[in-house]
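Novice: Got a sequence here, can you model it:
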Amino acid sequence: MTDQQRCPISLPHRLDPGGAQQHAVNAGLREHGAAVPVILPGEVSAYAVVRHEELKEFLQDPAVAKDSCHFAALHAGELPANWPLTAFATVQGMTTADGDEHRRLRGLVSKAFTPRRVEALRPRVQERTGALLDQLEATASAAPGGVIDLREHFALPLPLGVICELLGVNTAHEKRLHELSHDIVSTAASPQRARAATEEMYAVLSQVAAERRAAPGDDLTSALIAAREEGDRLTEEELAATLLLMIIAGHETNLHLITNAVRALSAHPEQLALALSGQVSWDAVVEETLRYDSPVSYFPFRYPTADLPVGDTVIPRGAPVLASYTAAGRDPLAYGPDADQFDVTRKTDVRSLAFSHGAHYCLGAPLARMESTIALEMLYARFPGITLAVPESELPPHPSFIGNSTHTLPVRLTGGGAA
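Specialist: Numbers count the residues shown, from 1 in each chain. Prediction:
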């Protein structure tokens, strides 16, 4: 598939739980308007906002809520039993809170993401990156043909290790937390598997909280527990939901971002040459990757509190709406006729919406940007000849329409990759 290809789309569009051909689908959807009706797993009707300017306005519209008390079909009993996306709507935490409640929860968590605290993490991120690169070289030297999965051995353990350290999570939990995160956000998982993963995730996080109560440290989990015990009204459920959000968002997003950046640079060697020569910064590479191949695609859910015009579409009150960051990122109305081209020298005043916008703008964005910039700069400083080991067209999609990436990223560290 080339960037120029579009999938023929009829409405309402049935979102593919397996995440296939997202950019081609997005191009077809944008031709229908700013907001389009879609069908979610379980035959649930919803809408997706797919153009940049209208999505930006929608994300900050005071007539749009996050609390599932506004989800009409949920309260009418119209959702299928064991609907796999129920947790996205009903989890109690920042992602489903509005107004004062959202500000309260966000205020607690924001203490972990002050500019000073994020910058203080830089040496640890660099140290972790260096150690992973050492391991990467050893793994590649022992692998058949020198082919390794960069996603598994580098893009995953770096952000997972950093967020777990920030939260004070014992390293023994890390691997299982990622496996559970994957099942929770995979829209291709069965309802039973998604529900079981969510339940186990809460059980593991309860254990994490218990460990931090027994031995408090200079970590966010300990700080949240202390705030709760000092009467901040943070409930046990809110604590668990906050930890779940930070574990998933704190590593899944950056896992996809690093993976997507390496994939884009491999497919555009002339762009990589600009970064390697210092003509553009690695920060610019990260920003263009966020726009061109956002790590989050269709993020659920928001609900208009009254019938809401979005472009030429009126979204009914209480309808679930997904924010399509991948579609907005390649909107030619915002980024020009070359919006579907990867260009690290791109000059634009239009800020990517990859980390959302408005009151729910991602608190972890500064950390994600810092991690990914360090990861790419150090990776290519060590292995400037890294190449894909298979044609890009053969890379399997990450099985989700929420996350956007490939499921694996087989590479050779010293060139000789796929033609």
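
Novice: Residue 251 versus residue 221, what's the distance?
Specialist: 15 Å (CB to CB, to the nearest Å). The way it works is simple: take the backbone N, C-alpha and C, and place the C-beta from them, glycine included.

Novice: between these two, which one's more packed in?
Specialist: A count of neighbours by other CB atoms under 10 Å puts residue 251 above the other of residue 221 and residue 251, at 27 against 24.

Novice: buried residues in the helix or strand where that one lies?
Specialist: Counting by DSSP states H and E, the element that carries residue 251 is helix 236-267. Buried residues in helix 236-267, defined by neighbour count with 16 or more other CB atoms under 10 Å: 238-266.

Novice: what does stretch 375-393 give?
Specialist: Buried, per 16+ other CB under 10 Å, within stretch 375-393: 375, 376, 377, 378, 379, 380, 383, 386, 387, 388, 389.

Novice: ok, residue 92 - contacts?
Specialist: Contacts for residue 92 (CB atoms under 8 Å, 6 or more residues apart in numbering) come out as 235, 237, 238, 241.

Novice: any idea how far residue 239 is from it?
Specialist: Residue 92 is 10 Å from residue 239, by CB to CB.

Novice: same question, residue 208
Specialist: When distance is defined by CB to CB, residue 208 is 10 Å away from residue 239.

Novice: And residue 412, by the same measure?
Specialist: From residue 412 over to residue 239 (counting by CB to CB), the distance is 44 Å.

Novice: what do you get for residue 404?
Specialist: Distance from residue 404 to residue 239, by CB to CB: 29 Å.

Novice: Surely residue 247 is in contact with residue 177?
Specialist: Yes - at 5.5 Å, residue 247 counts as touching residue 177 under the criterion of CB atoms under 8 Å.

Novice: Common neighbours of the two, please.
Specialist: Applying CB under 8 Å, 6+ apart, one finds that residue 247 and residue 177 are jointly contacted by 164, 169, 201.

Novice: Please list all residues in contact with the first one.
Specialist: Think residue 164. When contacts are counted by CB under 8 Å, 6+ apart, residue 164 touches 170, 171, 173, 174, 177, 247.

Novice: How much space separates the closest residue to the second one other than its chain neighbours from residue 247?
Specialist: Spatially, and ignoring its direct neighbours in sequence, residue 171 is nearest to residue 164 (6.9 Å; CB to CB, 6 or more residues apart in numbering). Here the distance between residue 164 and residue 247 works out to 8 Å (CB to CB).

Novice: Quick check: neighbours shared by these two?
Specialist: In terms of CB under 8 Å, 6+ apart, residue 164 and residue 247 are both contacted by the residues residue 177.

Novice: now stretch 276-293, how far from the centre of its chain.
Specialist: For stretch 276-293, the separation from the chain centroid amounts to 18 Å (computed by CA atoms, centre = their mean, to the nearest Å).

Novice: List the buried residues in it.
Specialist: 280, 282, 284, 285, 286, 287, 288, 289, 290, 291, 292, 293.

Novice: Same question for stretch 87-98.
Specialist: 87, 88, 89, 91, 92, 93, 94, 95, 96, 97, 98.

Novice: Am I right that the second one sits in a helix?
Specialist: Read it as residue 88. Yes - with DSSP: H, G, I helix; E, B strand; the rest coil as the criterion, residue 88 is located in a helix.

Novice: Contacts only, for it.
Specialist: 95, 300, 301.

Novice: again, but for the fourth one
Specialist: Shown here is residue 91, whose contacts under the criterion CB under 8 Å, 6+ apart are 241, 244, 245.

Novice: Residue 14 touches residue 41, doesn't it?
Specialist: No - Residue 14 is beyond contact range of residue 41, at 9.1 Å (criterion: CB under 8 Å).

Novice: picking that back up, distance of the residue nearest to residue 171 relative to residue 208?
Specialist: In terms of CB to CB, residue 164 sits 9 Å off from residue 208.

Novice: Now residue 111. Nearest residue, chain neighbours left out?
Specialist: residue 223 is the one closest to residue 111 (CB to CB, 6+ apart), at 6.4 Å.

Novice: sorry, back to before: closest to residue 64 out of the shared contacts of residue 247 and residue 177?
Specialist: Nearest to residue 64 among the shared contacts of residue 247 and residue 177: residue 201, at 27.8 Å, using CB to CB.

Novice: Any idea how many residues pack against the closest residue to residue 69 other than its chain neighbours?
Specialist: Of all residues not flanking residue 69 in the chain, residue 75 sits nearest, at 7.4 Å (CB to CB, 6+ apart). Neighbours of residue 75 under the rule other CB under 10 Å: 12.
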